[in-house]
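**Q** Fold the following for me, if possible:
(2 chains)
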Number of protein chains: 2
Amino acid sequence: MQSTPTERVLAIDPALRKTGFAIVESAGKDLRALTYGTIVNNPKLLPSGCLVAIREQLNDVIRQYQPTVCAIEATIFVQSLKTAIVLGSARGAALIAAAEHGLAIYEYAPREIKQAAVGRGAAAKEQVAFMIRSMLRLRETPPADAADALAVAITHFQSSEAHRLTAREARRC
Amino acid sequence: MQSTPTERVLAIDPALRKTGFAIVESAGKDLRALTYGTIVNNPKLLPSGCLVAIREQLNDVIRQYQPTVCAIEATIFVQSLKTAIVLGSARGAALIAAAEHGLAIYEYAPREIKQAAVGRGAAAKEQVAFMIRSMLRLRETPPADAADALAVAITHFQSSEAHRLTAREARRC
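**A** Just a heads-up that it's a prediction; the model follows:
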């Protein structure tokens, strides 16, 4: 573990209807999940309303838990351009919440997140959730979207300083 | 023109580094541009900082001009999935600003915007800016991104009520 004892991460797996989030901190050699959950948006809500809800609910989490950095799953594999634009908008809402609070943002690819959580790049969602429960000694298996966010947090803490440099939000895009 | 006399539109052409915006209202049979411009983000600014700036500056425009609806250019043609995700995030920032103020959102495809401004679906940016200047009797040719936003506003006012129904932000995506 390369993390400093005081680092507290807000991890996000953004999507319009179900955004997973988690707050994880390093406590010595152990990691501790302070909270985790899913921002669920009703299918009847307009997309713009979903984006407002994602930003506002992440703002609430940030205000309550005061994380020091943000780690987010990079959107790489998508079915279509339309899906990419929709996912991009959800990602934008999450980034706004983090940036408004001055959090440094780190991005991790889906494959490296699964690698960190399960030990290999290809893994089913259920496997990720099961491993996350074990690694963080949770009382119950977290819901899939929250488990993905917890896996993002674990990836961040397992990253070397050198890797974190490349994971920092890039200026150019 | 199908618009009511009191309708005032916030029109947006969103992009991470240059977001065009315009406030246009119908005055009898004429359209009047109250303001227009470009939210320019420095290339050194991180993408998340750009998104915060887009939301905040559109919020300022909304508070100052009190539009009644929002019209936005739909992102359809993009070079790559990466571009789609970046454009999607800029679009998300714009949609958040509009939705936070309770504005109904209408989306128009690039082809129909050029059709409304120039009379045909394929037109160069310079042609759009020149025609917009003429249609709105502006003293000078607006910058390209602002001209695109002004064209979105014109498209909205030229749309029939039937067409506006399909242009309303769709619940499902």
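**Q** Which part of chain A gets nearest to chain B, residue-wise?
**A** Going by C-beta to the nearest C-beta, chain B is nearest to A:Gly88 of chain A, at 2.2 Å. Quick note: C-beta positions are derived from backbone N, CA and C, even for glycine.
**Q** Export only the CA atoms of the one helix or strand that residue maps to, formatted as CSV.
**A** Assessed by DSSP states H and E, A:Gly88 sits inside helix A:81-100. Output of helix A:81-100 as CSV, limited to C-alpha atoms (Å, rounded to 0.1, in the frame of the first residue of the first chain):
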residue,chain,number,x,y,z
LEU,A,81,-21.9,6.7,-29.6
LYS,A,82,-25.3,7.5,-28.0
THR,A,83,-24.4,5.5,-24.9
ALA,A,84,-21.0,7.2,-24.8
ILE,A,85,-22.7,10.6,-24.8
VAL,A,86,-25.1,9.6,-22.0
LEU,A,87,-22.4,8.0,-19.9
GLY,A,88,-20.2,11.1,-20.6
SER,A,89,-22.9,13.3,-19.2
ALA,A,90,-23.2,11.3,-16.0
ARG,A,91,-19.4,11.3,-15.7
GLY,A,92,-19.5,15.1,-16.2
ALA,A,93,-22.0,15.5,-13.3
ALA,A,94,-19.7,13.4,-11.0
LEU,A,95,-16.6,15.4,-12.0
ILE,A,96,-18.4,18.7,-11.4
ALA,A,97,-19.2,17.6,-7.8
ALA,A,98,-15.6,16.5,-7.2
ALA,A,99,-14.0,19.6,-8.8
GLU,A,100,-16.3,22.0,-7.0
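**Q** Between helix B:81-100 and that helix, find me the angle.
**A** 60 degrees (axes from the mean of the first three to the mean of the last three C-alpha atoms, to 10 degrees).
**Q** which strands and helices sit next to helix A:81-100?
**A** Helix A:81-100 is packed against strand A:8-13, helix A:47-65, strand A:69-73, strand A:104-108, helix B:47-65, helix B:81-100, with contacts defined by 3 or more C-beta pairs under 8 Å, 6 or more residues apart in numbering or on different chains; DSSP states H and E.
**Q** So is the lowest-mean-pLDDT helix or strand in chain A next to chain B?
**A** Every helix and strand in chain A was compared by mean pLDDT, DSSP states H and E; the lowest is helix A:161-167, with a mean of 85. No. Interface with chain B: helix A:161-167 contributes nothing (C-beta under 8 Å from any C-beta of the partner chain), its closest point being 13.5 Å away.
**Q** Outside of that helix itself, list whatever touches it.
**A** For helix A:161-167, contacts defined as C-beta atoms under 8 Å, 6 or more residues apart in numbering or on different chains pick out A:2, A:71, A:106-108, A:156, A:159.
**Q** Quickly compare the helices and strands packed on helix A:81-100 and say which is most buried.
**A** Mean neighbours per residue, mean count of other C-beta atoms under 10 Å in any protein chain shown, is largest over the helices and strands packed on helix A:81-100 for strand A:8-13, with a mean of 27.
**Q** now it: mean pLDDT?
**A** In this model, strand A:8-13 has a mean pLDDT of 98.
**Q** Name every strand pairing with it and say which way it goes.
**A** Its sheet considered, strand A:8-13 pairs with strand A:18-27 (antiparallel), strand A:69-73 (parallel) by DSSP bridges.
**Q** Please convert those to a markdown table, extending it with distance to B:Pro14.
**A** Listed next are the strands paired with strand A:8-13 as a markdown table, based on distance: least, C-beta to C-beta, whole Å:
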| stretch | distance to B:Pro14 |
| --- | --- |
| strand A:18-27 | 21 |
| strand A:69-73 | 20 |
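**Q** for A:Glu7, what are its contacts?
**A** Contacts of A:Glu7 (C-beta under 8 Å, 6+ apart): A:25-26, A:68-69, A:157.
**Q** hmm, I was thinking of A:Ala147
**A** So A:Ala147 contacts A:20, A:125, A:128-129, A:132-133, A:141 (C-beta under 8 Å, 6+ apart).
**Q** Run through the residues that contact the nearest residue to A:Ala109 once chain neighbours are set aside.
**A** Closest residue to A:Ala109 apart from its sequence neighbours, by C-beta to C-beta, 6 or more residues apart in numbering or on different chains: A:Ala74 at 5.1 Å. Contacts for A:Ala74 (C-beta under 8 Å, 6+ apart) come out as A:107-110.
**Q** Could you tell me what pLDDT the model assigned to A:Ala74?
**A** pLDDT at A:Ala74 comes out at 89.
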